[in-house]
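K.L.:
Give the three-dimensional model of this entry:
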Amino acid sequence: MERVLIVEDDPPLRLAMTKALRAAGYEVTTAKTGDEGLEAALADPPDVVLLDVMLPGMNGYEVLAELRKQDPELPIVMITAKGEEADRVRGLTLGADEYVVKPVGLAELQARVGAALRRQRLATRQAPVKVGALLVDFTLHSATRDGELVEMTAHEMKLLEFFLRNEDAILPRQRILAAVWGAGYFGTDRTVDNFVNRLRAKIEPDPKEPVHLVTLRGAGYRFRR
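P.N.:
The predicted structure follows:
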């Protein structure tokens, strides 16, 4: 299920958008301020962000600029009462994908979210990636070794994709847990370790002496192809 983060300080509008998007089949989380929205988006990146411009604390433009530094590909739809061309141009220049002017029509909102996600899916289609002994196709969610299909669970595939997107970075277990299982999942460091071991068994020439997925004692993991 694709996930939408709504960053909106108006409670009735936030509730209406939440209901409309859940009815359309999306998983929805919300934030009331710019600071909360930025923190939520970075801790557990959604598939698309709906971002109001006039927010307490950081305004929407500031949040947009910071999100673009962290993730240039994240679909972001700006929502604002300001309909002037200069405001729209500012948001689009900073990297907004869509721009919706209040009062927000909920059918239009659903359509714009769907359009942003379709563009993202097309943009992120990728050729299969060689990872150790595996050839992984993230578009088809499949993996092969020497032409033979290798069974991988959804979480194993998501974990591998997370490591690939953060290649060479030092990744603490809690960050991995939040990114792969979600911020609300009550797992432990051991959950991550167990899945890393399962992944090593599929990508490493010798899982006992890993060369791709390395443990950094006291820090977490680092992945290198």
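K.L.:
The worst-scoring helix or strand of the chain on mean pLDDT: what's the following helix or strand?
P.N.:
None of the helices or strands of the chain scores lower by mean pLDDT, DSSP states H and E than helix 85-94, at a mean of 77. The first helix or strand that comes after helix 85-94 along the chain, using DSSP states H and E, is strand 98-101.
K.L.:
tell me which strands and helices the helix or strand following that next one is in contact with?
P.N.:
Downstream of strand 98-101, the first helix or strand assigned by DSSP H and E is helix 106-124. Applying 3 or more C-beta pairs under 8 Å, 6 or more residues apart in numbering; DSSP states H and E, we find helix 106-124 packed against helix 11-23, strand 48-52, strand 76-80, strand 98-101. Where you see a C-beta, it was placed from the backbone N, CA and C, and this is true even at glycine.
K.L.:
Find the residue at the geometric middle of the chain.
P.N.:
Closest residue to the average C-alpha location of the chain: Pro45 at 3.2 Å, with C-alpha atoms, centre = their mean.
K.L.:
Confirm that that residue sits in a helix.
P.N.:
No - going by DSSP: H, G, I helix; E, B strand; the rest coil, the assignment for Pro45 is coil, not a helix.
K.L.:
what pLDDT does it get?
P.N.:
Listed pLDDT for Pro45 reads 88.
K.L.:
That one reaches Asp71, doesn't it?
P.N.:
Yes - taking C-beta atoms under 8 Å as the definition, Pro45 is a contact partner of Asp71 at 6.4 Å.
K.L.:
With respect to Asp35, which of the helices and strands packed on helix 106-124 lies nearest?
P.N.:
strand 48-52 (12.8 Å; C-beta to C-beta).
K.L.:
sorry, back to before: highest mean neighbour count out of the helices and strands packed on helix 106-124?
P.N.:
The highest mean neighbour count among those, using mean count of other C-beta atoms under 10 Å, belongs to strand 48-52: a mean of 28.
K.L.:
now it: how far from the chain's centre is it?
P.N.:
Taking C-alpha atoms, centre = their mean, to the nearest Å, one finds strand 48-52 lying 13 Å from the centre of the chain it belongs to.
K.L.:
got it, and stretch 140-151?
P.N.:
With C-alpha atoms, centre = their mean, you get 24 Å for stretch 140-151.
K.L.:
how long is it end to end?
P.N.:
Distance between the boundary residues of stretch 140-151 (C-alpha to C-alpha, to the nearest Å) amounts to 13 Å.
K.L.:
Run through who's touching that stretch.
P.N.:
Ala133, Leu134, Leu135, Val136, Asp137, Met152, Ala154, Met157, Lys202 (C-beta atoms under 8 Å, 6 or more residues apart in numbering).
K.L.:
For ChimeraX, what selects the buried ones among these?
P.N.:
For the buried members of the contacts of stretch 140-151, the matching ChimeraX selection, counting by 16 or more other C-beta atoms under 10 Å, is:
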select :134,135,136,152,157,202
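K.L.:
now for the contacts of stretch 140-151, which pair is the farthest apart?
P.N.:
Ala133 and Ala154 (20.7 Å).
K.L.:
Enumerate every residue touching Gln110.
P.N.:
Ala20, Leu21, Ala24.
K.L.:
Kindly recompute the last result at 10 Å.
P.N.:
Met17, Ala20, Leu21, Ala23, Ala24, Gly25, Tyr26 (C-beta atoms under 10 Å, 6 or more residues apart in numbering).
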